[in-house]
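Trainee: Quick one: sequence and predicted model below, then my questions.
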Amino acid sequence: MLDSVLVWIEKNRSLWMHDLKEFLAIPSVSAKPEHKGDIQAAAEWAAFYLRGAGLHATLVKTAGHPCVLATTPEGLCRPDAPHILFYGHYDVQPAEPLELWNSPPFTATIRDGKIFARGASDDKGQVFCHLAALAAWKQIAYELPVRLTVLLEGEEEIGSPNLRAVIAENADRLASASTLIISDSAQFARGVPAITTGLRGLVYYQMTVTGANTDLHSGVYGGAVANAANALSTILGQLHDNQGRVTVPGFYDHVQVPDAALRAMWKSLPFHEAEFAEELDVDQLYGETGFTTLERRWCRPTLDINGLTSGYQGAGAKTVLPATALAKLSMRLVPEQDAIKIAEAFESYIHQITPAGVRVKLERLSASPAALTPSTSPAIAAAVEACEEGMGKKPVFVREGGSIPVVTWFKEMLGIESVLLGFGLPDDNLHAPNEKLDVECFYAGIRTAAALYDRLGKMK
């Protein structure tokens, strides 16, 4: 039956592209209150499409934007079919700065074999690959090969503040799922499909250093009163040693070096550090001594300054001692690290190294652990076969330097392991102007999703 489904998918390329463009045209920007109506419209569009594929789809109200929850009704799959959960998000990042787009961000435009639009890859385009695959199965087979639950949220781009509550409220119907499927990642490179088996966690802080009760004249007060900007610089300068290692006590206590076989596999991937540096227009790469660039990105923890604000920022000179200085910092954690313990160690260290004459305030904005998924499960084996069927090649196993907190939430709350199978490419400009999804990656994604449900339906 899969062969017939794949033929039908190929014959209906224009249909899939039309429907994707329609989905991408809805400016479902969750971060902006003025797009509340667009978020609602995108949720309703997705629910309508899922109903067309035969699923029972409803909108779940939250304190913010709604979730779409769809389930396979009786008769749409065989009684003993495995229960699979698919998660994705239909909200997108803001499109600004608009002047850097080469075409309108919410009018999907095809150029050079690529679909340009906000959400093309993150995550509407990849979600739609699954919706199209389900529609194809319903059209040709009149049933789905699995018992499926689909959960789409509208707040992923703002940190999923209400998703945990939705999971908890619907735990009875979700917990029986054997596997969670997520397509919100990428292939390793063009022509090199990948399954992601590890994600780094995230601890994020806003740090404010305060000195005097007002900005002061640098001539009158300089040398007599602590400068908040100088103090912040002193603190930040002590967060790494000259080997690129984080100096927070206990930061590496439980961090493990990957085994030799895994490191050897990563070294065999088509990745060249010189080309990577040239692509980023940097003279040389930087990071913890003793590890390759891929290892630093995938399995080593980091601490980075994400933003700095202090003092006068306008044209010309203004000779002041800033009263306040602010930094935003993120720590990417690996599976062996406890996010809360790392956060507590960081706070303790910052207070230890804060210079005299200033006060420091630390606001913990997030703390989510890393995730490591098993690479030998039946679901992973099904995903490998699906890649071979839909993309024509066996996938490699990689890790991702970023974070997808829902992977950990589903594991903690429901005990469900995830399969992270992405269809995009590393150069898709996620969150940036001119976001895109290659046309052939899009169609390959639909084929792969269709094959994935076929293989999952045969799991024992």
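Mentor: Great, that's in hand.
Trainee: shouldn't Gln139 be in contact with Trp8?
Mentor: Yes - Gln139 lies in contact with Trp8 (Cβ atoms under 8 Å); the separation is 6.4 Å. Every residue, glycine included, has its C-beta placed from N, CA and C.
Trainee: Could you check how far Tyr90 is from Ala41?
Mentor: 10 Å (Cβ to Cβ, to the nearest Å).
Trainee: and for these two, which residues touch both?
Mentor: Taking Cβ atoms under 8 Å, 6 or more residues apart in numbering as the contact rule, the neighbours common to Tyr90 and Ala41 are Ser28.
Trainee: So the two - more neighbours on which side?
Mentor: When Tyr90 and Ala41 are compared on other Cβ atoms under 10 Å, the one with more neighbours turns out to be Tyr90, at 28 against 15.
Trainee: Excluding residues flanking it in the chain, which one is nearest that one?
Mentor: The shortest distance from Tyr90 to any residue other than its chain neighbours is 4.8 Å, reached at Ala42 (Cβ to Cβ, 6 or more residues apart in numbering).
Trainee: Can you point out the buried residues in the helix or strand that that neighbour is a member of?
Mentor: In this assignment (DSSP states H and E), Ala42 forms part of helix 36-52. Within helix 36-52, the residues that count as buried by 16 or more other Cβ atoms under 10 Å are 38-40, 42-43, 45-47, 49-50.
Trainee: re the thing from before, dump the residue contacts of the residue nearest to Tyr90.
Mentor: 23, 26, 28, 90-91, 124, 154.
Trainee: Show only the entries of the residues you listed found in helices.
Mentor: Among these, the members falling in helices (DSSP state H) are 23, 124.
Trainee: How is the protein partitioned into domains?
Mentor: The record, using automatic domain parsing to delimit domains, assigns the chain the ranges 2-199+370-456, 201-255+301-367.
Trainee: Burial-wise, tell me which of those comes out on top.
Mentor: Relative to the other members of the domains of the chain, domain 2-199+370-456 carries the highest mean neighbour count by mean count of other Cβ atoms under 10 Å, namely a mean of 20.
Trainee: How far off centre is that one?
Mentor: Taking the mean of its C-alpha atoms, domain 2-199+370-456 sits 12 Å from the chain's own mean (Cα atoms, centre = their mean, to the nearest Å).
Trainee: Report the mean per-residue pLDDT for that domain.
Mentor: Averaging pLDDT along domain 2-199+370-456 gives 96.
Trainee: For that domain, measure first residue to last.
Mentor: From its first residue to its last, domain 2-199+370-456 covers 12 Å (Cα to Cα, to the nearest Å).
Trainee: Surely Val209 forms part of a helix?
Mentor: No - the assignment for Val209 (DSSP: H, G, I helix; E, B strand; the rest coil) gives strand, which keeps it out of a helix.
Trainee: bridging residues for it?
Mentor: Here Val209 sits in beta bridges with Ala325, Val360, going by DSSP bridges.
Trainee: what does Thr109 give?
Mentor: Here Thr109 sits in beta bridges with Phe116, going by DSSP bridges.
Trainee: which residues does it contact?
Mentor: Contacts here follow Cβ under 8 Å, 6+ apart; on that basis Thr109 touches 103, 115-117.
Trainee: likewise Pro301?
Mentor: Each residue near Pro301 by Cβ under 8 Å, 6+ apart is listed here: 200, 246, 251-252, 255, 331-334, 337.
Trainee: show me where the stretch 201-350 of the chain has strands.
Mentor: In the stretch 201-350 of the chain, the segments counted as strands under DSSP state E, counting those that start in this stretch are 201-210, 216-217, 302-310, 320-321, 324-333.
Trainee: Look through the chain and report the residue furthest from the middle.
Mentor: Here the chain has its C-alpha centre computed as a mean, and the residue farthest from that point, by Cα atoms, centre = their mean, is Val220 with 49.5 Å.
Trainee: per-residue pLDDT, that one?
Mentor: 97.
Trainee: Give me the most central residue, this structure.
Mentor: By Cα atoms, centre = their mean, the mean C-alpha position of the chain lies nearest to Ile404, the distance being 4.8 Å.
Trainee: Quick one: residues contacting Val406.
Mentor: For Val406, the contacting residues are 87, 156, 160, 163, 182, taking Cβ under 8 Å, 6+ apart as the criterion.
Trainee: tell me which element the closest residue to Ile9 other than its chain neighbours is part of?
Mentor: Beyond its immediate neighbours in the sequence, the residue positioned closest to Ile9 (Cβ to Cβ, 6+ apart) is Ala136, lying 5.0 Å away. Per DSSP H and E, Ala136 falls inside helix 124-141.
Trainee: and that helix, what other elements does it pack with?
Mentor: Taking 3 or more Cβ pairs under 8 Å, 6 or more residues apart in numbering; DSSP states H and E as the contact definition, the neighbouring helices and strands of helix 124-141 are helix 2-11, helix 13-24, helix 36-52, strand 83-89, strand 147-153, helix 439-456.
Trainee: quick one: Phe106 is in a strand?
Mentor: No - applying three-state DSSP, one finds Phe106 to be coil, outside a strand.
Trainee: Chain neighbours aside, what residue packs nearest to it?
Mentor: Nearest non-adjacent residue to Phe106, counting by Cβ to Cβ, 6+ apart: Pro27, 4.8 Å away.
Trainee: Would you confirm that the one you found contacts Gly37?
Mentor: No - under the criterion of Cβ under 8 Å, Pro27 makes no contact with Gly37, lying 9.8 Å away.
Trainee: on that earlier part again, for His272, find the nearest of the domains of the chain.
Mentor: Distance to His272, taken as Cβ to Cβ, is lowest for domain 2-199+370-456 among those, at 10.8 Å.
Trainee: and the domains of the chain as JSON lines, adding distance to Gly287?
Mentor: Rendered in JSON lines, the data for the domains of the chain read as follows (distance: least, Cβ to Cβ, whole Å):
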{"stretch": "domain 2-199+370-456", "distance to Gly287": "11"}
{"stretch": "domain 201-255+301-367", "distance to Gly287": "5"}
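Trainee: For Leu280, which of those domains is the nearest?
Mentor: Once these are compared by Cβ to Cβ, domain 2-199+370-456 is nearest, at 11.6 Å.
Trainee: ok, now which ones touch Leu329?
Mentor: Under the contact definition (Cβ under 8 Å, 6+ apart), the residues listed for Leu329 are 204-207, 303-306.
Trainee: Next SSE downstream of the helix holding Ala42?
Mentor: Per DSSP H and E, helix 36-52 leads on to strand 56-60 as the next helix or strand towards the C-terminus.
Trainee: can you list contacts of stretch 43-61?
Mentor: By Cβ under 8 Å, 6+ apart, the list of residues contacting stretch 43-61 from outside reads 19, 22-23, 26, 65-73, 76, 90, 127, 131, 134-135, 137-138, 143-144, 148, 150, 152, 154, 166, 169-170.
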